[in-house]
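Asker: sequence and predicted structure, then a few things I'm wondering about:
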Amino acid sequence: MSEFNAPGILPCQSIEALIAGGAIASATPWEPDQVQPASLDLRLAGKAWRVRASFLPRHGTVRQRIAEVAMHELDLTKGAVLERGCVYIAELQERVKLPKGVSARANPKSSTGRVDVFVRVITDFGDAFDDVDEGYEGPLFMEIAPQTFSVLVRSGTRLNQLRLKAGIPARLRTESVGVDLTGDIAGFRGRRHAGVVDLDHEDGHDPKDFWEPLVPRNGQLLLDPGEFYILASKQAVEIPVMEAAEMTPIDPSVGEFRVHYAGFFDPGFGTDEAHGKGSKGVLEVRSHETPFILEDGQTVARLVYEPLTERPTRLYGDLGSHYQRQGLKLSKHFRVWEP
C-alpha cells in the first residue's frame, strides 16, 4: 500500500493505473465508460451454467465446482434467457492480479437490483461472496439468480461492479435512510408473471407490463411476504467528492423486511458540483415471512461512508447517468411511467 497515502477506496485514475499495470485484465478491449468514478463495471463472458444450487468453492476452483453441480451450459455469445427462480454461474471477461495492500468488493449495479436480479461474485478458493482478497490472482465468476423477472443477457452485459480498496478504509459515518410514502404513487410492485426483461435494451419495455403502482393509505404501505417493491428514500442522498458510500442490505433492527440489495454510491452522486442536487436513493425492498406495515419516514436502510485515497478525476454523472437527479424511478430498461 506504499503508493497510497492512507487506506481508502480507489478512484477512477487509480483503477485505470491498475489496468495499465496488468493488475486487472480483460479478455476483450476495455469500453470507454467501464471505469466509473470509484468502481469498475464487470462484463459477462461467453458461457454460463445452470446449477443445482449456489456454492462457495473454498477448497477448489470455481470451474471444479461447476463440473459437480452444473445442469446445462448456456452460450451467452448468442444471448440467453435466465429464468426466474433458477441459479446460474457465469464467467466474467475480467480477471485480477491484485497487488499487496489492495482488495476488492463487488456489488450489483443499480439497474440490476431494480429488476430483482441477485448477483454475487465468486473467486477460486473463496470463502465469501463478493469479496476479492488482497493478492488474489485468477478469474472472476458471477452467481446470477433472477427473482421476479426472467432476463435476457449476452456477452458484454454488465450486471455488477467492482470497488477496489487500499488497506481497510475507515467508516467515516453511518446515516439512516427513511422511506418516502407521501406521493400519489409511493412505489411499484413487481408483477409475478411478466415477460422477459432484456438487460441491454434501455427504455425498451412498457413498465405497466412489469409493474403495478402503489398508492399509500394514511402514509402507510402494507408489504406482502415474498413480493418485490421499488420505493424511494425520504431524504436526498449526497456523496461528497472525496467519499463513496455503500447501502447496507440487511438490518434486522429496522423491521421484518430487508432492503434487498447492497448498493454502491459513487462520489458526486446527488451533489451540486455534479449537477445532481436533490437526488433520492431508490430502494429495493422485500418483506420477510410476515406482512409488514411500512410508515412514511421509517428507517429502511443505512448508508456507510468511506474515504477515497484521492479526489477522482471525474464524478458520478460525468459520463452520463440514468439516475442522477432521480426521484422514485424504475430501472433504465423501462420507459417513463405514464399515469
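Answerer: Nice, I can see it.
Asker: C-alpha from now on. contacts and neighbour counts both.
Answerer: OK.
Asker: quick one: Arg63 and Gln298, what's the gap?
Answerer: 44 Å (Cα to Cα, to the nearest Å).
Asker: and the two? which has more neighbours close in?
Answerer: Taking other Cα atoms under 10 Å, Arg63 and Gln298 do not tie; Gln298 has more neighbours (18 against 15).
Asker: wouldn't that one be in contact with Gly178 here?
Answerer: Yes - Gln298 lies in contact with Gly178 (Cα atoms under 8 Å); the separation is 4.9 Å.
Asker: downstream neighbour of the helix or strand bottoming out on mean pLDDT in the chain in the secondary structure list?
Answerer: In the chain, the helix or strand scored least confidently by mean pLDDT, DSSP states H and E is strand 257-259, which has a mean of 68. Helices and strands here follow DSSP states H and E; after strand 257-259, the next one along the chain is strand 263-265.
Asker: partner strands of that next one, with direction?
Answerer: strand 243-248 (antiparallel) (DSSP bridges).
Asker: hmm, who's touching the partner strand?
Answerer: Where contact means Cα atoms under 8 Å, 6 or more residues apart in numbering, the residues beyond strand 243-248 that reach it are 9, 38, 239, 259, 261-267, 301-308.
Asker: so how far is it from its chain's centroid?
Answerer: 12 Å (Cα atoms, centre = their mean, to the nearest Å).
Asker: now do that strand, average pLDDT.
Answerer: The pLDDT scores in strand 243-248 average 91.
Asker: CA atoms only for it, dumped as CSV, please.
Answerer: Output of strand 243-248 as CSV, limited to C-alpha atoms (Å, rounded to 0.1, in the frame of the first residue of the first chain):
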residue,chain,number,x,y,z
GLU,A,243,-16.1,9.9,-0.3
ALA,A,244,-18.0,6.8,-1.5
ALA,A,245,-20.9,5.0,0.2
GLU,A,246,-22.5,1.6,0.4
MET,A,247,-26.0,0.9,1.4
THR,A,248,-26.2,-2.0,3.8
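Asker: can you get me a residue count around the nearest residue to Lys280 once chain neighbours are set aside?
Answerer: Spatial nearest neighbour of Lys280, chain neighbours left out: Ala236 (4.6 Å); criterion: Cα to Cα, 6 or more residues apart in numbering. Here the count is done by other Cα under 10 Å, and Ala236 has 17 residues near it.
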